[in-house]
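> what follows is a predicted structure for the sequence shown.
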Amino acid sequence: MMSKTLHLSDSYGQLTWREAGQGTPVVLIHGVGMQSEAWEPQIAALSESHRVIALDMPGHGGSGRLPEFAALPDFVDWLHAAQMALDLGPVSLAGHSMGALIAAGYAVIYPEMVSRVALLNGVFRRNASARAAVEMRATEIRAGVVDLETPLTRWFGDNAADRPVREKVARWLQAVDLQGYATAYAAFACGDRTYADRFGDIVCPLLAMTGEGDPNSTPEMSRSMAAAAQHGRAVVMKGHRHMINLTAAEEVNRELWHWLNRSATQEEMT
């Protein structure tokens, strides 16, 4: 797996990503507070048959920040600039959490650039209490109040088997650029309805996955996203929460492999 960097543009600054494999491109976008390394199990598995490009989201890893009050459409436009700069053409696009919001928005706005889309632990039409809670966290982060233990507990619970992954995720959270984190989290907090009414415009195969115990990216959200798309499919990982690409890596990789090799007609038949 090779780490790469380029100057994306004067407005977007630097783009960094991890890349491995050859063949049809698969683009991966991580969630708020993470970095491209969070996709390590998927990069290792999918690069056996595809060219895998895991991007550092703006303000994360080595990628430049977006303006302080950037919203979800600004992250979607950033992704388009990245894809054009890398000259990827239509890609299979997967995102986790905030990355899922970006991926879904991209599939809506730039359908010609997406051959299929996978949304891991995505959020969709939060209820009033969930929206209030996430907006409050966004305000706290913007004010410099960063509580790492609460999200880690929400993401992992007290499962001892997940302790090594939890510690790795904690290190990524501790290393994140605070301003980049605050900007992305604010966009995440307000982004669950931005493209929700346009999921019916997504014509490519859509896979929505989450953990059955994820309290914020709920199974019902994944089912609703899949139902709203023209060729959607929902998968719920039993016994897992928010970081399914790490805690249920083998199962997620297996589902992504099927996603990469299924047609829209096959999605309709499941």
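Thanks, I have the structure now.

> list the contacts of stretch 156-168.
The contact list for stretch 156-168 (Cβ atoms under 8 Å, 6 or more residues apart in numbering) reads Leu152, Trp155, Val169, Gly213, Arg241, His242, Met243, Leu246, Thr247. In this view, the C-beta of every residue, glycine as well, is placed from N, C-alpha and C.

> quick check: ChimeraX command selecting the buried ones in the residues you listed.
This is the ChimeraX syntax for the buried subset of these, where burial follows 16 or more other Cβ atoms under 10 Å:
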select :152,155,169,213,241,242,243,246,247
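
> can you tell me which of the contacts of stretch 156-168 is closest to Ala104?
His242 (17.1 Å; Cβ to Cβ).

> quick one, helices of the protein?
Ranges of helices within the chain are 40-46, 72-86, 98-109, 128-142, 149-156, 163-175, 178-190, 219-228, 244-247, 249-260, 264-269, based on DSSP state H.

> count the neighbours of Asp10 for me.
Asp10 is flanked by 6 other residues according to other Cβ atoms under 10 Å.

> from Arg18, how far out is it?
24 Å (Cβ to Cβ, to the nearest Å).

> do the same with Gln42
11 Å.

> mind picking the two most distant members of the contacts of stretch 156-168?
Val169 and Gly213 (16.1 Å).

> in this structure, where is pLDDT below threshold?
The model of the chain has pLDDT under 70 over residues 263-270.

> mind redoing it with 50?
For the chain, applying pLDDT under 50 flags the ranges 265, 269.

> which residues touch Gly211?
So Gly211 contacts Asn121, Ser217, Val236, Met237, Gly239, His240, Arg241, His242, Ile244, Thr247, Ala248 (Cβ under 8 Å, 6+ apart).

> those in strands, which ones?
Val236, Met237 (DSSP state E).

> tell me which two of the contacts of Gly211 sit farthest apart.
Farthest apart among those by Cβ to Cβ are Ser217 and Gly239. That separation is 15.5 Å.

> for Gly191, see how far away Gly239 is.
28 Å.

> more neighbours: which of these two?
Per other Cβ under 10 Å, whichever of Gly239 and Gly191 has more neighbours is Gly191, with 23 against 12.

> so that one touches Ala103, yeah?
No. Using Cβ atoms under 8 Å, Gly191 is not in contact with Ala103; the gap is 11.6 Å.

> okay, the helices of the chain, which one's buried deepest?
Most buried of those, by mean neighbour count (mean count of other Cβ atoms under 10 Å): helix 98-109, with a mean of 27.

> residues contacting Ser49?
Gly21, Gly23, Leu260.

> actually Val123, not the one I wrote
Val123 touches Ser97, Ala100, Leu101, Phe188, Gly191, Asp192, Asn216, Ser217, Met221, counting by Cβ under 8 Å, 6+ apart.

> give me that answer again for 6 Å
By Cβ atoms under 6 Å, 6 or more residues apart in numbering, Val123 lies in contact with Asp192, Ser217.

> count of neighbours near Asp158?
8.

> ok, it to Thr218 distance?
Taken as Cβ to Cβ, the span from Asp158 to Thr218 is 20 Å.

> before we move on, what about Arg18?
Distance from Arg18 to Thr218, by Cβ to Cβ: 30 Å.

> swap in Arg171?
Relative to Thr218, and taking Cβ to Cβ, Arg171 is found at 27 Å.
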